[in-house]
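K.L.:
need a 3D model of the following:
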Amino acid sequence: DITGAIHYANKTLPGQRLALHALKNQYKKDVVADGPMFKSYSVEGNNLIVTLENTDGGLVVAETGTNSKIGLAVPTIVPNGDAQVKLFYLAGEDRVWHPASMKLEGNKIIVTSPAVKSPRGVSYATGGVGNQPNVYNKALLPTTPFIYFDNKLVTSKDWPTEKLKIAGLVIDPNTVGKMNEYRKMPLLSTQFRENAVLQAGVPLKIWGSAIHDWGYEAKGKGVVKFSFAGIEKSIPVTSGMKEWQVTLPAMKASAEPKTLKVTFEIDGELAHERVCKNIVIGDVYYVAAPPLAMKFESKAKSKGIVRMMKNNSKRFSKANPSRFSVCVSTTPLNRFAATWGDASGLAAALGHSIGSKTGKPVGIIFMQTGTIKKKGGPSVNPVVLKSWVKADDLNQAPSLMADYKDLGAAIPGNPYYNVNARNYIGVWKKYWSEYVPEMMKSKRVPDAVAWGSYPALTSSVTSKASEVHNVMVCSFTPAALKGIIFLSAENMVTADQGTNYGPELTALANSLKKGFGNDETPFYYTIPSKALAPKLTQPKAIKGKNASVELSDWTSTQDIHKLIEIISIDAVK
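P.N.:
Residues are numbered from 1 along each chain as shown. From the prediction side, this is the model:
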């Protein structure tokens, strides 16, 4: 009866109500701890009479809205407030629910509706209460919501329709059936959205999930149907198949808009659909960038399309790989989803420089990390170079082996996983043979952790390596790209003054190339000068083409513009 779902703005009232249960049950105090609850109902003509339990002293109408405004949410009695309660519904033989009015009589409630002459079902507060006037006992504890039909509790298992029919409301077909169940399915991964720019001149892979966003397979025959640029394919979803993928032949650069349509069907019924319009073919670059204090202006202006995909969410790191979305939600068009739009800032400077020379559409996947505000201090960038390296590839640099072993303990297929899994089984055996018996014997938690603790496979993992890769890179791999660009940051060389920079950057470059699917994709990067990192080492084993620009200053736009010029010249070749 207060707003906020499980995150109440007013914490005091729930705490007081929980305390009542402790006072009654543990301390044996004579207090009322429970609100009214449904007991039964009877029908007399067009009146449905509800009998409630826990109503000592009778029932009252009250609301929490008045006091919520000052942060208390204490129920306030509404004198003669029966007519203000709008939480009751009645249903007749047709099972359509109609708004109803109520009248309190002792521990009973008389419910009527002019639209229901012979009521068979009653519902109270099943659509939520919030701060609305509702029914309490004299202890000002609220009535528990209920819904009954023919004196049986209504559940989804025995109700003949998936959704309740409410008078005056039309059921949106997307809120029922498989279209509702699969509404969050990540059928297409991050890159493939409306207004996307896809890479020209090379085979193009388009891919996404073949299973529900909760990870379960369809109960029936699943088929992914694909349509793009006159190419149509049907991909059967077989048991154990988690992702689908289509590889298209190389396409010429073109600003002519194309539409990508992908559907997922189960036994011939549509479960999910994605339609992405205004897609063009051109040159696509992936940029991994730190927070940038300086502003960028385009020195050249392309007459063609220059778009960027950016991270609209507030997260840039995660302990586990985020396979199909940069943001937490996989729901299409959610407000935090990464989207394609007109390029700005550094992405615009880069894209217009390239486009002015090639005449092709340009797309920049611009993934930029954020800062963390320290209490009493300035915002800092916590991202070190190893944060961008995939966990499987950390062993490519000697300085990252400890991180590789640490993270490997939770990655199936890694040699260190098997050792950790055996230890994990041992911990569970000890949990059941020692921890639980001690908890039962002493009536308290042995290690004083609230609700006890449970063994976790990842409990020993402490490394923060790969956490940026998990969010900012994972859902783009594989991807056809014209180039990969990595911009270094000061904190990447602060700890060791650049001693491990060369080997770690090599591991990063090769990890990104492998993940995107082509060792020959050019890798462009900035590298600090000796003045910025006195013990700096150079990368020596980056596969395929690579080029760099030395930074004379961490805030130098001039040096980054030099890198842009190198990339633009290479784009014409």
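
K.L.:
residue 320 contacts residue 471, doesn't it?
P.N.:
No - using CB atoms under 8 Å, residue 320 makes no contact with residue 471, being 9.8 Å away. To be clear about C-beta, it is placed using only N, CA and C from the backbone, and glycine gets the same treatment.

K.L.:
who's more crowded, those two?
P.N.:
residue 471 (24 against 14; other CB atoms under 10 Å).

K.L.:
which SS state does that one fall under?
P.N.:
Secondary structure state of residue 471, per DSSP: H, G, I helix; E, B strand; the rest coil, is helix.

K.L.:
what packs against the helix or strand of the chain with the lowest mean pLDDT?
P.N.:
Least confident helix or strand, the chain: strand 379-380 with a mean of 75, by mean pLDDT, DSSP states H and E. Packing partners of strand 379-380 (3 or more CB pairs under 8 Å, 6 or more residues apart in numbering; DSSP states H and E): strand 372-373.

K.L.:
what's in contact with the least confident helix or strand of the chain?
P.N.:
291, 371, 372, 373, 374, 491 (CB atoms under 8 Å, 6 or more residues apart in numbering).

K.L.:
can you name the two of these that sit furthest apart?
P.N.:
Greatest spatial distance among those (CB to CB): 373 and 491, at 15.3 Å.

K.L.:
higher neighbour count, those two?
P.N.:
residue 491 (15 against 9).

K.L.:
low-confidence ranges, the protein, go.
P.N.:
5, 71, 374, 376, 450-453, 458-460 (pLDDT under 70).

K.L.:
how about the strands in the stretch 201-350 of the chain?
P.N.:
For the stretch 201-350 of the chain, strands defined by DSSP state E, counting those that start in this stretch occupy the ranges 204-209, 222-228, 231-237, 243-248, 254-266, 269-289, 306-310, 339-342.

K.L.:
tell me which residues of stretch 288-303 are tucked away?
P.N.:
For stretch 288-303, the neighbour count (16 or more other CB atoms under 10 Å) marks 288, 289, 290, 292, 296, 298, 302 as buried.

K.L.:
circling back to that earlier point, mind listing the strands the least confident helix or strand of the chain pairs with, and their directions?
P.N.:
Strand 379-380 sits in its sheet next to strand 372-373 (antiparallel), going by DSSP bridges.

K.L.:
show me what the partner strand is in contact with.
P.N.:
By CB under 8 Å, 6+ apart, the surrounding residues in contact with strand 372-373 are 379, 380, 381, 382.

K.L.:
likewise for stretch 466-475?
P.N.:
Stretch 466-475 has contacts (CB under 8 Å, 6+ apart) with 189-191, 288, 311, 315-326, 367, 369, 383, 386-391, 394, 403, 407, 511-512, 515.

K.L.:
now residue 545. Nearest residue, chain neighbours left out?
P.N.:
residue 522 (4.3 Å; CB to CB, 6 or more residues apart in numbering).

K.L.:
against residue 18, how distant is the residue nearest the centre of the chain?
P.N.:
Among the residues of the chain, residue 328 comes closest to the average C-alpha position under CA atoms, centre = their mean, at 1.6 Å. To residue 18, residue 328 is 30 Å away according to CB to CB, to the nearest Å.

K.L.:
mind listing the helices for the stretch 101-250 of the chain?
P.N.:
All helices of the stretch 101-250 of the chain, identified by DSSP state H, counting those that start in this stretch, fall at 177-181.

K.L.:
assign residue 420 to helix, strand or coil.
P.N.:
helix.

K.L.:
and what of residue 394?
P.N.:
Look at residue 394: counting by three-state DSSP, its state is helix.

K.L.:
ok, it to residue 359 distance?
P.N.:
41 Å.

K.L.:
which of the two has more neighbours?
P.N.:
residue 394 (27 against 13).

K.L.:
contact partners for the more buried one?
P.N.:
Residues in contact with residue 394, defined by CB under 8 Å, 6+ apart, are 386, 400, 401, 403, 404, 407, 465, 466, 507.

K.L.:
the third one touches residue 395, doesn't it?
P.N.:
Yes - between residue 401 and residue 395 there is a contact at 6.0 Å, judged by CB under 8 Å.

K.L.:
higher neighbour count, those two?
P.N.:
Shown here are residue 401 and residue 395; by other CB under 10 Å, residue 395 has more neighbours (16 against 13).

K.L.:
residues touching the closest residue to that one other than its chain neighbours, list them.
P.N.:
Nearest residue to residue 395, sequence neighbours excluded (CB to CB, 6+ apart): residue 404, at 4.3 Å. Counting by CB under 8 Å, 6+ apart, residue 404 touches 391, 394, 395, 465.

K.L.:
which of the contacts of stretch 466-475 count as buried?
P.N.:
If you count burial by 16+ other CB under 10 Å, the buried members of the contacts of stretch 466-475 come out as 189-191, 288, 311, 316-318, 321-326, 367, 369, 383, 386-391, 394, 403, 407, 511-512, 515.

K.L.:
just the ones of those residues in helices?
P.N.:
In this view, these that belong to helices under DSSP state H are 403, 407, 511, 512, 515.

K.L.:
ok, so of the residues you listed, who is nearest residue 181?
P.N.:
Closest approach between these and residue 181, by CB to CB: residue 515, at 31.6 Å.
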